[in-house]
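A.B. asks: From the sequence below, what's the structure:
(2 chains)
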There are 2 protein chains.
Amino acid sequence: MVTSFFLCSKKWMVMLIALVTALGAPIAYSAPADHAGAGHSAQSNPTTAALDVIEVVATGYTAGVESTGKRPGHPGYGITYSGVKVRRDQVSTIAADPKLFPIGTLLYIPGYGYGVVADTGSAIKGNRIDLYFETIKEVYEQWGKRKVEVQVLRRGRGKLTQSWLNEINQAVEAGKPIPQSYLES
Amino acid sequence: MVTSFFLCSKKWMVMLIALVTALGAPIAYSAPADHAGAGHSAQSNPTTAALDVIEVVATGYTAGVESTGKRPGHPGYGITYSGVKVRRDQVSTIAADPKLFPIGTLLYIPGYGYGVVADTGSAIKGNRIDLYFETIKEVYEQWGKRKVEVQVLRRGRGKLTQSWLNEINQAVEAGKPIPQSYLES
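C.D. replies: The predicted structure is shown next:
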């Protein structure tokens, strides 16, 4: 019995490891579907010889005033720290902390594509990178899209008043459930 | 042997199911850490009585021109389809397809908090929702942030030239690896 237990537990162990590996990949990478920018080879990774794999937190940015403080017409508009122009292409310009990724570092970023470190940012320190997109809409649509399971708490009847919205916001305390009276349609 | 195999395979089956369940949750929800807006009770869900749970794709938006086409000063700036003002609060205004979620529907959105359907959008059809944020930066930082495992393909030496960036972009074909000569520092 002891022997046979070890025999079959070994077999199951292999299956367990295979399963953890199979399930582990999407967790580790957590790359949601429907994110690829067409033509940027964002979803597949044809490269085989990575020097290193590093977990970072990535946001999107544009050359615009919301990200850089510069508007079109500013002499530095669209020019990265390295001097090259911002670019969304087969190899896009990205921002990183040069202490972690020196300017000129080439990365493959799942869900985005190839990026070369060309820029820096005041908030881009340590394991943080900023991915260049041409428009704010592209940041929203190509990087800021998430699948979520929403809970329906109350079905609406097609109308909403300012007074009800003000009231419910006064009634709900942070971290507390919505009072039942507001959940009845 | 046959009996003992089934005995222990059953035991492992239970562990397997437990493991799949444990690993399955973060895949299904794929809610990355570090997304909560302070004060919006985004990470925890204190509500127990959901009428329904529905998977949707969610993006962020603002009242600004990049999302609505309206600038401050426009009579409809910051006013939702329902007539109420946009609001990021305990219960925020969000946009949905009224055919799926009629105006006035109350949702709990993991990673965002409570939202009431107040707005619509030309791209917000079917299982798509748009979450209101006060600024573009907040969309980037609070909704458009992802943990990714980046692959380091070439370590930079602190400098990048426009001609090298032009060259590599000409050399790389969509879906193909970067030619080896560009990976040598």
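
A.B. asks: so A:Leu100 touches A:Val117, yeah?
C.D. replies: No - in this structure, A:Leu100 is not within contact of A:Val117 by C-beta atoms under 8 Å, at 9.1 Å. In this view, the C-beta of every residue, glycine as well, is placed from N, C-alpha and C.

A.B. asks: show me what contacts A:Pro102?
C.D. replies: The contact partners of A:Pro102, taken as C-beta atoms under 8 Å, 6 or more residues apart in numbering or on different chains, are A:Val117, B:Arg155, B:Gly156, B:Arg157, B:Gly158.

A.B. asks: what's the closest non-adjacent residue to the third one?
C.D. replies: So that's B:Gly156. Distances taken as C-beta to C-beta, 6 or more residues apart in numbering or on different chains put A:Gly104 closest to B:Gly156, at 2.7 Å, once the chain neighbours are dropped.

A.B. asks: Hmm, B:Val152 and the one you found touching each other?
C.D. replies: No - the criterion here is C-beta under 8 Å, and A:Gly104 misses it with B:Val152 at 11.8 Å.

A.B. asks: Name the SS class of A:Asn169, please.
C.D. replies: helix (DSSP: H, G, I helix; E, B strand; the rest coil).

A.B. asks: thinking again about what came up before, quick one: which of the contacts of A:Pro102 sit in strands?
C.D. replies: Judged by DSSP state E, strands contain the following of these: A:Val117.

A.B. asks: Buried ones among the contacts of A:Pro102?
C.D. replies: A:Val117, B:Gly156 (16 or more other C-beta atoms under 10 Å in any protein chain shown).

A.B. asks: with the contacts of A:Pro102 in mind, which one is nearest to A:Ile136?
C.D. replies: A:Val117 (22.2 Å; C-beta to C-beta).

A.B. asks: ok so, going back, turn the contacts of A:Pro102 into JSON lines, including pLDDT and distance to A:Ala50.
C.D. replies: Shown next, in JSON lines, are these (pLDDT from 0 to 100; distance: C-beta to C-beta, whole Å):
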{"residue": "A:Val117", "pLDDT": "98", "distance to A:Ala50": "15"}
{"residue": "B:Arg155", "pLDDT": "97", "distance to A:Ala50": "11"}
{"residue": "B:Gly156", "pLDDT": "98", "distance to A:Ala50": "15"}
{"residue": "B:Arg157", "pLDDT": "97", "distance to A:Ala50": "18"}
{"residue": "B:Gly158", "pLDDT": "98", "distance to A:Ala50": "21"}
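
A.B. asks: Show me the two of the contacts of A:Pro102 that sit farthest apart.
C.D. replies: Greatest spacing in the contacts of A:Pro102, by C-beta to C-beta: A:Val117 and B:Arg157 (11.0 Å).
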